[in-house]
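>>> Provide a 3D model corresponding to the input given below.
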Amino acid sequence: MKRGRIVVTVEKGMFESERSVSFNGVGQTYHLVVDEHDVRDGKLEVGILDEALDTLLVALPKDTFTSGTTVRVSRAAVEVF
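Okay, here's the model as predicted:
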């Protein structure tokens, strides 16, 4: 599976090892709580499940509050590596 990184807004989580992150997807802002090791330099590591013309379906490390672990984001929002 290809991997990528999404720029996220990062805040402290309830516990020291957690981070609350948010980012813009296609038509929606997503919020989730992840382990501190999932975020590096303001970017969240994701898996790339499917590619469309302008969007990517990505697998997140944890569930979002509203949409589970897979979300569609703009291709431009993902740094693929």
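
>>> Now do stretch 37-55, average pLDDT.
Stretch 37-55 shows an average pLDDT of 97 in the prediction.

>>> So what would you say the end-to-end distance of it is?
With Cα to Cα, to the nearest Å as the measure, the first residue of stretch 37-55 is 26 Å from its last.

>>> what's in contact with that stretch?
Residues external to stretch 37-55 that are found in contact with it (Cβ atoms under 8 Å, 6 or more residues apart in numbering): 1-8, 10, 19, 21, 23, 26, 34, 56-62, 70, 72-75, 78-80. Every residue, glycine included, has its C-beta placed from N, CA and C.

>>> switch to 6 Å and redo it
1-2, 4-8, 10, 19, 21, 26, 56-61, 72, 75 (Cβ atoms under 6 Å, 6 or more residues apart in numbering).

>>> quick one: which of the residues you listed sit in strands?
2, 4-7, 10, 19, 21, 56-61, 72 (DSSP state E).

>>> Got a PyMOL select line for the buried ones in those residues?
In PyMOL syntax, the buried subset of the ones in strands among the contacts of stretch 37-55 is picked out as below (16 or more other Cβ atoms under 10 Å):
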select buried, resi 4+5+6+10+19+21+56+57+58+60+61+72
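
>>> Glu11 - how many residues pack around it?
Number of residues near Glu11 (other Cβ atoms under 10 Å) recorded here: 12.

>>> go on, the one 3 residues further on?
Residue neighbour count, defined by other Cβ under 10 Å, stands at 8 for Met14.

>>> so what strands line up beside the strand or helix carrying Leu44?
The secondary structure element spanning Leu44 is strand 43-51 (assigned by DSSP states H and E). Applying DSSP bridges, strand 43-51 is found paired with strand 2-7 (antiparallel), strand 39-40 (antiparallel), strand 55-64 (antiparallel).
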